[in-house]
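Student: the sequence isn't on hand, but the structure is:
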Ligand SMILES: NC(=O)N[C@@H](CC(=O)O)C(=O)O
Ligand SMILES: [Zn+2]
Ligand SMILES: [Zn+2]
């Protein structure tokens, strides 16, 4: 049996939803992670500081007894977002990032940004105060092939935007391409990227393995194998610009198993086990702590966690429930398509 002890990890990109779904999924994240950047794409979205504070309270109220978990709140950027409200939220310590969804790019993004000139003032203020912008990095132009939308976004939107607003600190969320990795590496400062567990484990073949498999559909959609390998290389390199954001994104089964299923993969219950599996495969278990527990806090200018998470490799694959039952319905848990022998054995405060 192999054991690995790391500082307690954080999840720098997490969807907790609200209401009965929140209550059902939160314990799976708060068991293993000390903090998470909470995505604001609720219906309606979390736009103002007041809404973020109310959402934070709902998350804390849903937290199981004895779980130590701090939600890091994020505002959903709209063309009506007020710079003063963003700054007040940041100064109070509540707001840790603002999220840019190009309108129509992904789940609940219709209230996002269409005309980037309308958010310049807010972005300039964020650059001034050092508040990070988290970006869903895909163009929405239906003429751009879905597998190219990230690469085109970097060139046509993100790079020009960063040049227009120097000093803006950006996290390219859930990067899925070699292009994204190379772009982040080419920039000396103010740019980082989160990488999901599922994009380290599956390529686009998983979506069509023997038939159409909705539980492997997410956005940005998984890419070719060469891209997955580039993500693995970046994640396990120790480079501080790359850190874990699971993008665990629960949808009830009927919303995925239908004629037009939602995008999102639910990985919270087995994220750390799968991640240890990946890092072992890459011969990089010594880099897991940097990726999951150190690089994220460094970018967000927060101290790393004091507690520890103990991961253990067993002789036999460790079963993970294939579904989580919530008050809203069942949610299918990510199936990594390979036996995973790692598990979380303990968490110490
Ligand atoms: N990743 C996804 O496929 N879905 C996310 C939204 C997002 O992160 O783009 C969701 O909210 O369901
Ligand atoms: Zn996204
Ligand atoms: Zn997401």
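Tutor: On my side now, so go ahead. Computed from a prediction, not measured in an experiment: that's the story for all the values here. Ligands and ions are numbered 1, 2, ... in the order given.

Student: could you use CA atoms for every contact and neighbour count after this?
Tutor: Fine.

Student: neighbours around residue 105, how many?
Tutor: Residue 105 has 20 neighbouring residues, counting by other CA atoms under 10 Å.

Student: now it. Nearest residue, chain neighbours left out?
Tutor: Nearest in space to residue 105, with sequence neighbours left out and distances taken as CA to CA, 6 or more residues apart in numbering, is residue 140 at 5.4 Å.

Student: can you check residue 68 too?
Tutor: Distances taken as CA to CA, 6+ apart place residue 34 nearest to residue 68, at 6.2 Å, with adjacent residues excluded.

Student: from memory that neighbour sits against residue 8, does it?
Tutor: Yes. Counting by CA atoms under 8 Å, residue 8 is a contact partner of residue 34 at 6.3 Å.

Student: intersection of neighbour lists for these two?
Tutor: Overlap of the contact sets of residue 34 and residue 8 (by CA atoms under 8 Å, 6 or more residues apart in numbering) consists of residue 305.

Student: of those two, who's got more company?
Tutor: Remark: of residue 34 and residue 8, residue 34 carries more neighbours, 26 against 23, as counted by other CA under 10 Å.

Student: list the contacts for that one?
Tutor: Counting by CA under 8 Å, 6+ apart, residue 34 has contacts 8-10, 68-70, 305.

Student: per-residue pLDDT, it?
Tutor: Looking at residue 34, its pLDDT reads 98.

Student: and it, how far is that from residue 191?
Tutor: Here residue 34 is placed at a distance of 24 Å from residue 191 (CA to CA, to the nearest Å).

Student: kindly report the same for residue 212.
Tutor: Counting by CA to CA, the separation of residue 212 from residue 191 is 35 Å.

Student: comparing these two, which shows the higher neighbour count?
Tutor: The residue with more neighbours, out of residue 212 and residue 191, is residue 191; 22 against 13, by other CA under 10 Å.

Student: the more buried one: what's its closest spatial neighbour, skipping adjacent residues?
Tutor: If the residues on either side of it in the chain are set aside, residue 191 comes closest to residue 170, at 4.9 Å by CA to CA, 6+ apart.

Student: near ligand 1, which residues of the protein? Just list them.
Tutor: Within the chain, the positions adjacent to ligand 1 are 106-107, 218-219, 247, 249, 263-264 by CA under 6 Å from any ligand atom.

Student: with pLDDT added, can I get the residues you listed in TSV?
Tutor: What follows is the residues of the chain next to ligand 1, written out as TSV (pLDDT from 0 to 100):
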residue	pLDDT
106	90
107	88
218	98
219	98
247	99
249	98
263	98
264	98
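
Student: for the residue nearest the centre of the chain, which three-state class applies?
Tutor: For the chain, the residue nearest the mean C-alpha position is residue 13 (2.6 Å; CA atoms, centre = their mean). Using DSSP: H, G, I helix; E, B strand; the rest coil, the structure places residue 13 in strand.

Student: mind starting the numbering at 47 from now?
Tutor: In the new numbering, first residue 47, that becomes residue 59.

Student: where does it land on pLDDT?
Tutor: Note for residue 59: predicted pLDDT of 99.

Student: which residues does it contact?
Tutor: 82-85, 219, 240, 290-294.

Student: let's see 10 Å
Tutor: With contacts defined as CA atoms under 10 Å, 6 or more residues apart in numbering, residue 59 is in contact with 82-85, 118, 180, 219-220, 240-242, 289-295.

Student: go on, residue 96?
Tutor: By CA under 10 Å, 6+ apart, the residues touching residue 96 are 102, 131, 135, 140.

Student: same thing with residue 228?
Tutor: Counting by CA under 10 Å, 6+ apart, residue 228 makes contact with 276, 280.

Student: quickly note the distance from it to residue 234.
Tutor: Distance from residue 228 to residue 234, by CA to CA: 12 Å.

Student: same thing with residue 280?
Tutor: Applying CA to CA, the value for residue 280 to residue 234 is 15 Å.

Student: residue 121 is in contact with residue 168, correct?
Tutor: No. Checked against CA atoms under 10 Å, the pair residue 168 and residue 121 is beyond contact range at 11.7 Å.

Student: more neighbours, those two?
Tutor: It is residue 121, of residue 168 and residue 121, that has more neighbours when counted by other CA under 10 Å, with 27 against 22.

Student: how far away is the more buried one from ligand 1?
Tutor: 14 Å (CA to the nearest ligand atom, to the nearest Å).

Student: quick check: that residue touching residue 129?
Tutor: No. With contact defined as CA under 10 Å, residue 121 and residue 129 do not form a contacting pair (11.4 Å).

Student: anything in contact with each of the two?
Tutor: Counting by CA under 10 Å, 6+ apart, the shared contacts of residue 121 and residue 129 are residue 135.

Student: and residue 372, what are its phi and psi?
Tutor: The phi and psi values for residue 372, taken as degrees, to the nearest 10, are phi -120, psi 170.

Student: again with residue 146
Tutor: Per-residue torsions, residue 146: phi -100, psi 110 (degrees, to the nearest 10).

Student: for it, what are its contacts?
Tutor: Contacts of residue 146 (CA under 10 Å, 6+ apart): 121-124, 155, 158-159, 165, 179-183, 219.
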